[in-house]
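A.B. asks: got a structure for you, letters missing:
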């Protein structure tokens, strides 16, 4: 077997759907029917999962660190809010795409600044972009509403048929559909030759350039795509909450993504999804028990993850499900984080 065919075989094997993945999405769908009183927090988890997946595309697969990913989230949120507020685009799905494209344009424009630096430089540049956009949003309060945010946002029914309800049921299934579609596309991207080239760039950019991979163009492309995903997450936030304020640009949003990826793992799309669930549930639990000190307990959990190892924790958690699947299907579910990410 030649090197090229061996790489192709490995990529095809990784791209196959596994029983664990199907079970995961079926469980997420079932939550919409099993917990009808928790639509709001479940929708929040879906938005966070999509937002985290956008960061994982650049951090986990291309090695681009960012502390200002909220910039694209905020642009998407305000774009969706302004489109709905002024009646420019009434169809939520179309407005969602346009908001994502607005964030994509920003991502493409700023990608040339980000790719020229190394880790520390990228951190400062991305953080500066987010802070700059937050300051601009506050400065042009006649457009953004300033500290009060956009007032009077009314979302029209999805496809003109499905209205957003106060209980969040429509918002949950709408967000789930968007997340699943974008996950499928991201999954296709990371398992394609383009995705394999990103892994090569992350591991050794000089060697990747030496074998003919256009490093800068690849990084610009994935950074732009990640901005689109983050913009979609921001637009979902506005459409499902009817709120768009300066908080969408806050540093805490970008920092939360880092915490989610520490919990779930990078370089693995399900890491962001699982991490979002665990992070929000821990936040909900600790804030209920000790409202003033929930950050301390979240920090303690992160320390335990670092000391014990994420891979080991995943093996413990998934031991029983994998055992059942092996007995039923005769194969192991691939749902844990790769060894290289432990």
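C.D. replies: It's in. Computed from a prediction, not measured in an experiment: that's the story for all the values here.

A.B. asks: Buried ones in the longest helix seen in the chain, by neighbour count?
C.D. replies: When the chain is parsed with DSSP state H, its longest helix is helix 215-241. Neighbour-count burial for helix 215-241 flags 215, 218-241 (criterion: 16 or more other C-beta atoms under 10 Å). The C-beta positions use only the backbone N, C-alpha and C, and glycine is treated the same way.

A.B. asks: low-confidence ranges in the stretch 1-150 of the chain?
C.D. replies: Counting by pLDDT under 70, the stretch 1-150 of the chain shows low-confidence ranges at 1-15.

A.B. asks: Helices of that one, start to end?
C.D. replies: 3-15, 19-34, 39-59, 70-85, 92-114, 119-139, 141-144 (DSSP state H, counting those that start in this stretch).

A.B. asks: ditto for the stretch 151-300 of the chain
C.D. replies: For the stretch 151-300 of the chain, the helices defined by DSSP H, counting those that start in this stretch cover 169-190, 193-203, 205-210, 215-241, 251-264, 269-289, 294-308.

A.B. asks: which one of the ones you listed lies closest to residue 137?
C.D. replies: Among the helices of the stretch 151-300 of the chain, the nearest to residue 137 by C-beta to C-beta is helix 215-241 (12.4 Å).

A.B. asks: What average pLDDT does that closest one get?
C.D. replies: The pLDDT scores in helix 215-241 average 93.

A.B. asks: Likewise for stretch 300-307?
C.D. replies: Stretch 300-307 comes out at a mean pLDDT of 81.

A.B. asks: how far does that stretch sit from the chain's center?
C.D. replies: Relative to its parent chain, stretch 300-307 has a centroid offset of 22 Å by C-alpha atoms, centre = their mean, to the nearest Å.

A.B. asks: and what of stretch 102-120?
C.D. replies: The answer for stretch 102-120 is 17 Å, by C-alpha atoms, centre = their mean.

A.B. asks: Which of the residues in it are classified as buried?
C.D. replies: Result for stretch 102-120 [16+ other C-beta under 10 Å]: buried residues 102, 103, 104, 106, 107, 108, 110, 111, 114, 115.

A.B. asks: The spatially closest residue to the second one that is not a sequence neighbour and residue 26, how far apart?
C.D. replies: The shortest distance from residue 103 to any residue other than its chain neighbours is 2.4 Å, reached at residue 231 (C-beta to C-beta, 6 or more residues apart in numbering). For residue 231, the distance to residue 26 (C-beta to C-beta, to the nearest Å) stands at 29 Å.

A.B. asks: contacting residues for residue 101?
C.D. replies: 228, 231 (C-beta atoms under 8 Å, 6 or more residues apart in numbering).

A.B. asks: wait, residue 52
C.D. replies: Residue 52 neighbours (C-beta under 8 Å, 6+ apart): 257, 260, 261, 264, 272, 273, 275, 276.

A.B. asks: and if we set it to 10 Å?
C.D. replies: By C-beta atoms under 10 Å, 6 or more residues apart in numbering, the contact set of residue 52 is 59, 69, 229-230, 233, 256-261, 263-264, 266, 269, 271-276, 279.

A.B. asks: ok so, going back, for residue 158, which of the helices of the stretch 1-150 of the chain is the nearest?
C.D. replies: helix 92-114 (5.2 Å).

A.B. asks: That closest one: how far from the chain's middle?
C.D. replies: 15 Å.

A.B. asks: any idea of the angle it forms with helix 215-241?
C.D. replies: 140 degrees (axes from the mean of the first three to the mean of the last three C-alpha atoms, to 10 degrees).

A.B. asks: Now do the longest helix of the chain against helix 251-264, angle only.
C.D. replies: Going by the same axes, to 10 degrees, helix 215-241 makes 110 degrees with helix 251-264.

A.B. asks: Does anything pack onto helix 215-241? Which helices or strands?
C.D. replies: helix 39-59, helix 70-85, helix 92-114, helix 169-190, helix 193-203, helix 205-210, helix 251-264 (3 or more C-beta pairs under 10 Å, 6 or more residues apart in numbering; DSSP states H and E).

A.B. asks: Just put those in TSV and tack on distance to residue 154.
C.D. replies: As requested, the helices and strands packed on helix 215-241 are arranged in TSV below (distance: least, C-beta to C-beta, whole Å):
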stretch	distance to residue 154
helix 39-59	18
helix 70-85	7
helix 92-114	11
helix 169-190	14
helix 193-203	40
helix 205-210	48
helix 251-264	25
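
A.B. asks: Would you mind finding the most buried of these?
C.D. replies: helix 70-85 (a mean of 29; mean count of other C-beta atoms under 10 Å).

A.B. asks: The helices and strands packed on helix 215-241: which one's closest to residue 287?
C.D. replies: helix 39-59 (11.5 Å).

A.B. asks: So what's the gap between that closest one and the chain middle?
C.D. replies: On C-alpha atoms, centre = their mean, the centre of helix 39-59 falls 4 Å from the chain's centre.

A.B. asks: With adjacent residues omitted, what lies nearest to residue 266?
C.D. replies: residue 60 (3.4 Å).
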